[in-house]
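*Asks:* next one to model:
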Amino acid sequence: MSEKLDRLEKIFKLQKGLSEMMKLDRYPKDTEARVSALCTAIMHEAVELQRITNWKWWKMPTKFNETEAREELIDIWHFVVQASLELNLTPDDILDEYKKKNEINRERQRNGY
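*Replies:* Got it, this is the predicted structure:
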């Protein structure tokens, strides 16, 4: 097993442990609703990350805060990993699915997508 995969497995284990600690009485009961809620959380965290950037061309730019950006990105990772757990994806499954989609994307690039 590769060192990278070991790291991903550790992330999954940490997330599973965190979710077991959380008070989840307001968390949706079925998989579809949980994945939907997690998508909402991912989108909101992505907006928080975007707000750190100088995307507003009409506004005076400020210094990019990489530390804050990293924190927001990790928030996204928490929700992505939780969604993966909700969909019963293992790190091996993710690698397999990533490889499949990566090949599709490469083929698209080769064909002028």
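*Asks:* and the helices in this structure?
*Replies:* 3-21, 31-52, 66-86, 91-110 (DSSP state H).
*Asks:* buried set for the shortest one?
*Replies:* Spelled out, that is helix 3-21. 8, 11-12, 15 (16 or more other C-beta atoms under 10 Å). The C-beta positions use only the backbone N, C-alpha and C, and glycine is treated the same way.
*Asks:* how about the third one?
*Replies:* Within helix 66-86, the residues scored as buried using 16+ other C-beta under 10 Å are 69, 72, 75-76, 78-86.
*Asks:* next: the last one.
*Replies:* Buried positions in helix 91-110, judged by neighbour count with 16+ other C-beta under 10 Å: 91, 94.
*Asks:* next up, phi/psi of Lys63, please.
*Replies:* phi -70, psi 130 (degrees, to the nearest 10).
*Asks:* what count of nearby residues applies to it?
*Replies:* By other C-beta atoms under 10 Å, 6 other residues sit near Lys63.
*Asks:* could you do Glu32 as well?
*Replies:* Glu32: 9 neighbours (other C-beta under 10 Å).
*Asks:* quick check, nearest of the buried residues of helix 3-21 to Glu97?
*Replies:* Nearest to Glu97 among these is Leu8, at 12.9 Å by C-beta to C-beta.
*Asks:* now do that closest one against Gln109, distance only.
*Replies:* Using C-beta to C-beta, to the nearest Å, we find Leu8 at a distance of 26 Å from Gln109.
*Asks:* same deal with Met21?
*Replies:* Counting by C-beta to C-beta, the gap from Met21 to Gln109 is 43 Å.
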